[in-house]
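Student: Dropping the sequence and predicted coords here.
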Amino acid sequence: MIPELAEYEALARKHPQFFRLRRILDVETRAGQEPLYAFELCDAAVSGAELPVLGLFAGVHGIEAIGVKILQRFLDHLLEQTEWNENMRLLLRRVKVVGIPIVNPAGYVAGTRSNGNGVDLMRNAPVESGVSVPFLGGQRVSNLLPYFRGNGQLESENQALVELVRQELFRAPFALSLDIHSGFGMEDFLWTPWAREKGYPPHWGEYTRFCEVLDSTLKHHVYRFEPQSVNYCTSGDLWDYLFEESLVRDAGTLFLPLTLEVGSWVWIKKSPRSALRLRSFFNPMQPHRERRVLRRHLPLLNLLMHAVADFEKVFLRREKAGASADITPSRRAN
């Protein structure tokens, strides 16, 4: 079994009141069959209640192992506190955290971006860009080339993720998701969706209000907050697909997807010799740098959890008189 999945099983055994795993798919990998797990983190006594939901996802691209580790360390950080921190126990009665720790087990085992069919899961959704996209924005030429979108159908891993979002996030009074990636840029990004075209996404006002909270609460944060399309547009973006579905449903749930893109080029700059290994373009190879990255993002994930728990105050507060919701968030440099 993938070691990180074994750690999740250990967490579920140790903290059954607060952490539960559900096997939603079996995936064939080079090393044999691996489970696709979904997790639920909240007090079991309120599991069926209508709570706001934070969705956390990692390992969509198998080679981006650092995102999987960031998520695992965060959940461990929360669960260890349930042993002694009454405030954490209370928080887990007010918010539910759900997600998939490794969306792409086959790619994770093989150390590849794509899944076992050679499909890039983040280019696989039935969403077409309205503008010309670069090669990295998705292609249908061959699964032997990167960024292959597939044959027009959602891959089984994506079907499982989409169903989880529909069941857990779309039915909540409020939902925010964070998908953790790496491999782009010299700094860390928080991207909003609508990668299909240039411009601001729907609900930009709510995103802006969160950015104001981010700036005021984590005054020295390291994130550049902006739409993904500022950097490049794509076709087949999975979160564009789910975001659009949530808008069409209009079932009273506000759903806001975000992507954390951990800037990885700085690791190559600091250790040019590591560029000889493909994995180093997506992950810190030195142990001390990996530990630093794992520490670096805990404040953001903690903030997201508290913001979802108090979503009415953070995302739905009224604008000040004369203020506009269309405000470009600050762009902080590392």
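Tutor: Sure, I can see it.
Student: can you pull out the strands in the stretch 101-250 of the chain?
Tutor: 174-182, 188-192, 223-227 (DSSP state E, counting those that start in this stretch).
Student: What mean pLDDT does the first one get?
Tutor: Taken as a whole, strand 174-182 has an average pLDDT of 97.
Student: just for the stretch 201-334 of the chain, where's the confidence low?
Tutor: Of all residues in the stretch 201-334 of the chain, those with pLDDT under 70 make up the ranges 250-251, 265, 267-271, 273-276, 318-334.
Student: Go again with 50.
Tutor: By pLDDT under 50, the weakly predicted segments of the stretch 201-334 of the chain are 319-327, 333-334.
Student: what are the ranges of the helices in it?
Tutor: Using DSSP state H, counting those that start in this stretch, the helices of the stretch 201-334 of the chain run over 204-217, 238-249, 265-270, 287-296, 298-309, 311-314.
Student: Nearest to Ala31, out of the strands of the stretch 101-250 of the chain?
Tutor: Among those, strand 174-182 comes nearest to Ala31, with 22.6 Å by CB to CB. Heads up, the C-betas are built off the backbone N, CA and C, glycines and all.
Student: strands paired with that closest one, and their directions?
Tutor: Partners of strand 174-182 in the sheet, by DSSP bridges, are strand 53-58 (parallel), strand 254-262 (parallel).
Student: how about those in JSON lines, adding distance to Phe174?
Tutor: Listed next are the strands paired with strand 174-182 as JSON lines, based on distance: least, CB to CB, whole Å:
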{"stretch": "strand 53-58", "distance to Phe174": "7"}
{"stretch": "strand 254-262", "distance to Phe174": "5"}
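Student: Please identify the deepest-packed of those strands.
Tutor: The highest average neighbour count among the strands paired with strand 174-182, using mean count of other CB atoms under 10 Å, belongs to strand 53-58 at a mean of 26.
Student: Name the residues that touch it?
Tutor: 64, 67-68, 70-71, 74-75, 95-103, 161, 164-165, 168-169, 172, 174-180, 301, 304-305, 308 (CB atoms under 8 Å, 6 or more residues apart in numbering).
Student: same question, stretch 20-27
Tutor: Contacts for stretch 20-27 (CB under 8 Å, 6+ apart): 8-9, 12, 33-41, 44, 47, 100, 105-106, 116, 156-157, 160, 163-164.
Student: Next one: Glu187 from Gly263, what distance?
Tutor: Per CB to CB, to the nearest Å, Glu187 is found 5 Å from Gly263.
Student: Fine, thanks again, bye for now.
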